[in-house]
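Undergrad: Take a look and give me a structure for this.
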Amino acid sequence: MPISRPSRRDEFEIAIICALPLEYDAVSYTFDEFWDQDGDQYGRARNDPNTYTTGRIGSSNVVLALLSRMGKTSAASAAASISMSYSGLRMALLVGICGAAPRNGENEILLGDVVISSSVIEYDFGRQYPDKFIRKDTLQDSHGRPNKDIRSLLVTLETDRGLDRLEQGTISFLQTLQAAVSKTKHRGKYGYPGTLEDTLFETSHRHKHHGSPNCACRDCFEDSDPVCEKAINSPCMDLGCNNGPVVDRERLRAKQRAERDGESTAQHPTVHIGLVASGDKVMKSAAERDRLSKEEGVIAFDMEGAGVWEELPCIIVKGVCDYADSHKNKKWQRFAAATAASAAKALLKCSIKADATDAFKDAIGLLNRITASQDQGRDTSILATKFDIEKYFLLQWAERVNLLKKNSDERLRNPDTQDSITNVLARICGLLADTSQMEQVYGINRRGETSAPTDTRNDVPTICSPSLDRLGLASGNPGVHSSRRHRPTHARGEASTTEDVSAEAEAEAEAEAEAEAEKEKEKEEARWVIQDNGKFGTFVAELARCTMMLRDAVLPTSGSNARKDLEKISDLGHLKVVMEAATDHLTTIAKPTREIIDHRCTKSILSTLWFRMIDDRRETITDAHRKTFRWALKPPACDQPWDDLSHWLRAGTGIYWISGKAGSGKSTLMKYVSSAAKTKTLLSEWAGDSPCTMVDFFFWYLGTPEQKTQEGLSRALLYKILSSHPKLIPKALPTMWKEAYDGGNEIGCPSPAETKKAFRVISNSPDLGRFCIFIDGLDEYLGNYQDGISFIQSLAAGQNVKVIVSSRPIPDCVAAFKELPQLDLPDLTRQDIRTYVHDVIGKHPDMKRLSEDDPRGSKQIISDLVEKSSGVFLWVVLACRSLISGLARYDDTAELQSRVNDLPPELEDMFQHMLLKVEPRYRSQASRLLRLCYAEQEAQEWVEIDRIYALGLALVANNDFKTPPIEVWSKEKKVRLCKRLEGRLRSLCGGLLEVVKRRTTDIEHIGDEREFCFCGPRHDDYIDMEVRFMHRTVFEFLRDETPTSITA
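TA: Purely as a prediction, here's the structure:
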């Protein structure tokens, strides 16, 4: 938008004051438009002796004044007159050239750089005693701090973003100025003098005759010794100074490399912000310069700053033309004036009231500097987190109104709203406008100004981190500087020969390491540390008020990301601090934080209760054959009496016992009943209006300790119950909950006493509804049966819990359960077995053809199988396999009947019969495989082995127990080996060993823990197959009847 010409003097807001014509000339070239081109239309106040140039620089209306002479008095008088004529000025810039200290903290200052004042001292104002000079530095004698607007501007310029914008603007305007001058008769006037003209001598090296024996210079050794008059006015070249000791500087070397490579970056100035010393004398003493730099923190010297500072809100902008030593010369004055003028124009551009977007970024840049040290105590940590929460609401507001996006909230486009928002954000910046206010009012100290303790808190993600990342304002970079940082330049093409490449690489690596170290140091220096909790609490409250003002200006309509952002905080301890700090934000922060903490504690406890084989046995049990076991959930028939299970599920209490001998199908029935939809329906009648939770556990004698002990049973049941009712965990398992809440690395499993208490709590919690527990294979329990039985009885003691348990009719179970509701499976499965045999054998295509020729013989075979099974499902499964093998060999009905007649009626004899069917020449191999599997299964008692891997068994079986050579196998080779083993087990072991694929849940589980796998990065079912006994009775058979007997 074009800037209109001011109609009156009081519409000018910016004054630029120059002490020298060469400074005035450089500034003039930065004007974009002059308002007095056709004569001075504005005039001046009465008694104002100044002559002014008016015009526009960027979007600022500027009045430019040239002092009649140098010095503080002239500057003060001119500034006072300017303020009379131009009463609307909000800021004055003193622009020109200066001498500088060669270092700004850790950063080098070179000729041509620009210095901007953060404050001014009058270094020659004081008392001269016979032996020393003492500067007056009392509050009454010192110059005041800049006004609030200037403080806010300067602190913003100290941020990464602010300083980068200022430097880039300076470079751009310098190039524009040089280009403009090149089109005039003054071409080259502001050219870069070059690095050869930038020499910094050692402090002790005086500007005098070096080698002349006939003048006062001969006796000049100390800083106070005089030199001859001729030396004072002679250049260094004539005196021989250039042969003296020179200070080596890294930045200068980098510029020299850039200059050799013809890069324009050689002339790019760096901007430094710091303390300027002002006096009525020209500083030409290196020793005095260094003293003031060390004692006062001075980075530059001028002669007018103190005068203007007293009269107008002022910023000094000076280009460095010398090092304030006795070697001072005028070679750099014009270029330095040009860099200062360019920096002043860039500064004006930064000083224009920012839009809401820029103001927000500046505010966040400042807030990101504030931190707390870990060793400052819990109170400070909570207060710092309160600050994080308020900062988070500021970030959330920006996100929810899309402040930094093109599709921002329409309400933000209203000019009045923009002004309101910008003013609020400027207020936030103003809170941190200067060190004095930060410390005295808000209890924050700059790091480096106090012995602040080492801080690690800023390296820990906070609630603000995700929001800062989404907004592109990463929290890992505080984005500010306490002083100008050093950025080394790496020149391209420095090495000209092959021999130089190594040296160049080494030098660049060293430079990069130094730059990284400097970056880390800057990050430390960039922080402001909380020192006074009470005062800082005032700051937090003020920030909260500012955020509320922004919400009042534009109320966000979209939802908050608070829960998602809180979930990204991994440290549980920090989450607890957030919850404690969020007392003013119970719904938005405290409540979701509490829920996240509870969820993590819950997950941690459930992960501890969980074990890898928790459902392994259940999943390996074959599903009930089609139409079998349906009778179990129906009322019993008159001719087959048993205690009505369906009625017990609907209305019974306590324990229901399912008994049966080995192989009778108990586990299959338990799996069917525990998963049947009808079971849920019947139990819902028992529970009434309350929910009913069903959990199960299947003992496995051949499994891991957890699969056959009371500890495993307890953990599995607690895991499944508490997964459905996680809110009960703190009450049921208080010790584990405390361990999880305290954030320990490991949580111990519950003790027997804790387990007993947990189940008592579950049983006495009627609001949770009711529970039905299915426990299969109690006879496979490892330990004293009475302990297991007592535990189950205690589970079922309450009105809200009942248990269905299955086992073989071992004496302990018979004694404990004989008076309870029960069913004896072998007496009830005759029809199920008939159904199975009819489906497997009767419907076999080859059997159907035989039935056409001999229907009676076929029926007899099926009838004999059913009768001979004696209710043992496992026996009939093995028998059917034998008949299917006969059908594959084209046996007729007579031969099939002979097979049935040859089958032994007892299960153990059936196993022996199956092994004896193995061809004699393969029996040795079969015996070996069986012995290997039996030995590995036995080893589970004392070695942590939970399964037999097919690939492992194949490796051992093929190497005669010799150590195989180290070799990397391809995936294809491993697959071939496993497939071959599968076929060998099928043909050699009579079906007693089975190869099964592992379940997905065995590979990946609740805790995201990866289980051991032979496959590598990509899972393969064949490579990761397991070898298992087809039934526990096979293992018991091998234990009693050694497999070596089959080799006879």
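
Undergrad: Name the helix or strand for Thr693, please.
TA: Element membership for Thr693 (DSSP states H and E) is strand 692-698.

Undergrad: The helix or strand just after that strand vs strand 692-698, what angle?
TA: Using DSSP H and E, the helix or strand that directly follows strand 692-698 along the chain is helix 710-724. Interaxial angle, helix 710-724 versus strand 692-698 (axes from the mean of the first three to the mean of the last three C-alpha atoms, to 10 degrees): 150 degrees.

Undergrad: What helices and strands are in contact with helix 710-724?
TA: Judged by 3 or more C-beta pairs under 8 Å, 6 or more residues apart in numbering; DSSP states H and E, helix 710-724 is in contact with helix 591-609, strand 692-698, helix 729-732, helix 752-763, strand 770-776, helix 785-795. C-beta: built from backbone N, CA, C; applies to glycine.

Undergrad: buried residues in the next helix or strand along the chain from the shortest one?
TA: To tie it back to what came earlier, the one meant is helix 729-732. Downstream of helix 729-732, the first helix or strand assigned by DSSP H and E is helix 734-741. By neighbour count on 16 or more other C-beta atoms under 10 Å, the buried set for helix 734-741 is Met736, Trp737, Glu739, Ala740, Tyr741.

Undergrad: Relative to the whole chain's centre, how far out is helix 734-741?
TA: Relative to the chain's own centre, helix 734-741 is displaced by 25 Å; criterion: C-alpha atoms, centre = their mean, to the nearest Å.

Undergrad: What of stretch 245-265?
TA: Distance, centroid of stretch 245-265 to centroid of chain: 40 Å (C-alpha atoms, centre = their mean).

Undergrad: quick one: average pLDDT of stretch 445-454?
TA: Averaging pLDDT along stretch 445-454 gives 51.

Undergrad: all strands of the stretch 101-250 of the chain, in order?
TA: Ranges of strands within the stretch 101-250 of the chain are 103-104, 107-108, 114-122, 126-128, 133-135, based on DSSP state E, counting those that start in this stretch.

Undergrad: got the end-to-end distance for stretch 186-200?
TA: In stretch 186-200, first residue to last residue: 29 Å (C-alpha to C-alpha, to the nearest Å).

Undergrad: how much distance is there from that stretch to the middle of the chain?
TA: Centroid separation for stretch 186-200 versus its chain: 49 Å, with C-alpha atoms, centre = their mean.

Undergrad: could you check the angle strand 770-776 makes with the strand holding Thr693?
TA: Using the same axes, to 10 degrees, strand 692-698 lies at 20 degrees relative to strand 770-776.

Undergrad: Extract the CA atoms of strand 692-698 and return them as PDB.
TA: What follows is strand 692-698, C-alpha atoms only, in PDB (Å, rounded to 0.1, in the frame of the first residue of the first chain):
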ATOM      1  CA  CYS A 692     -21.100 -60.900  32.800                       C
ATOM      2  CA  THR A 693     -17.400 -61.400  32.100                       C
ATOM      3  CA  MET A 694     -16.100 -64.700  30.800                       C
ATOM      4  CA  VAL A 695     -12.500 -65.700  31.200                       C
ATOM      5  CA  ASP A 696     -10.600 -69.000  30.700                       C
ATOM      6  CA  PHE A 697      -7.400 -70.800  31.300                       C
ATOM      7  CA  PHE A 698      -6.200 -74.000  29.800                       C
END
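
Undergrad: List the contacts of it.
TA: 615, 617-618, 621, 667, 670-671, 674, 679-680, 683-684, 686, 712-713, 716-717, 720-721, 724-725, 768-777 (C-beta atoms under 8 Å, 6 or more residues apart in numbering).

Undergrad: circling back: TSV for the helices and strands packed on helix 710-724, including mean neighbour count?
TA: Listed next are the helices and strands packed on helix 710-724 as TSV, based on neighbours: other C-beta atoms under 10 Å:
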stretch	mean neighbour count
helix 591-609	19
strand 692-698	21
helix 729-732	19
helix 752-763	17
strand 770-776	24
helix 785-795	17
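
Undergrad: Throw these into CSV and include mean pLDDT, thanks.
TA: Below are the helices and strands packed on helix 710-724 laid out as CSV (pLDDT from 0 to 100):
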stretch, mean pLDDT
helix 591-609, 93
strand 692-698, 96
helix 729-732, 95
helix 752-763, 93
strand 770-776, 96
helix 785-795, 94
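
Undergrad: Gly297: what's it in contact with?
TA: Gly274, Leu275.

Undergrad: so after the lowest-mean-pLDDT helix or strand in the chain, what's the next helix or strand?
TA: Across the helices and strands of the chain, mean confidence by mean pLDDT, DSSP states H and E is lowest for helix 1000-1003: a mean of 45. Per DSSP H and E, the first helix or strand lying C-terminal to helix 1000-1003 is strand 1026-1029.

Undergrad: just the CA coordinates of that following strand, formatted as PDB?
TA: Extracted as PDB, the C-alpha positions of strand 1026-1029 are listed here (Å, rounded to 0.1, in the frame of the first residue of the first chain):
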ATOM      1  CA  GLU A1026       6.700 -75.700  15.700                       C
ATOM      2  CA  VAL A1027       6.800 -79.400  16.400                       C
ATOM      3  CA  ARG A1028       4.300 -80.600  19.100                       C
ATOM      4  CA  PHE A1029       3.100 -83.900  20.600                       C
END
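
Undergrad: Okay, the residue nearest to Asp812 when sequence neighbours are not counted and Cys749: tell me how far apart.
TA: Among residues not flanking Asp812 along the chain, Tyr785 sits closest, at 3.9 Å (C-beta to C-beta, 6 or more residues apart in numbering). To Cys749, Tyr785 is 23 Å away according to C-beta to C-beta, to the nearest Å.

Undergrad: same check, this time on Asp362
TA: Going from Asp362 to Cys749 by C-beta to C-beta gives 54 Å.

Undergrad: The two: who's more crowded?
TA: Asp362 (25 against 15; other C-beta atoms under 10 Å).

Undergrad: Low-confidence ranges, the stretch 551-700 of the chain, go.
TA: Scanning the stretch 551-700 of the chain for pLDDT under 70 picks out the ranges 638-640.

Undergrad: Same check on the stretch 401-550 of the chain?
TA: In the stretch 401-550 of the chain, residues with pLDDT under 70: 433-437, 447-460, 474-526.

Undergrad: redo that, cut-off 80
TA: Within the stretch 401-550 of the chain, the set of residues satisfying pLDDT under 80 comprises 413, 415-416, 418-419, 423, 426-427, 429-440, 446-461, 474-527.

Undergrad: so how many other residues sit close to Glu852?
TA: Glu852 has 8 nearby residues by other C-beta under 10 Å.

Undergrad: Check the gap between it and Leu166 for me.
TA: Look at Glu852 and Leu166: by C-beta to C-beta, they are 101 Å apart.

Undergrad: what does the model give Lys997 for pLDDT?
TA: On pLDDT, Lys997 comes in at 68.

Undergrad: residue contacts, the nearest residue to Glu13 once chain neighbours are set aside?
TA: Leaving aside its chain neighbours, Glu13 sits nearest to Arg90 (4.8 Å; criterion: C-beta to C-beta, 6+ apart). With contacts defined as C-beta under 8 Å, 6+ apart, Arg90 is in contact with Glu13, Ile14, Asp149, Pro313.
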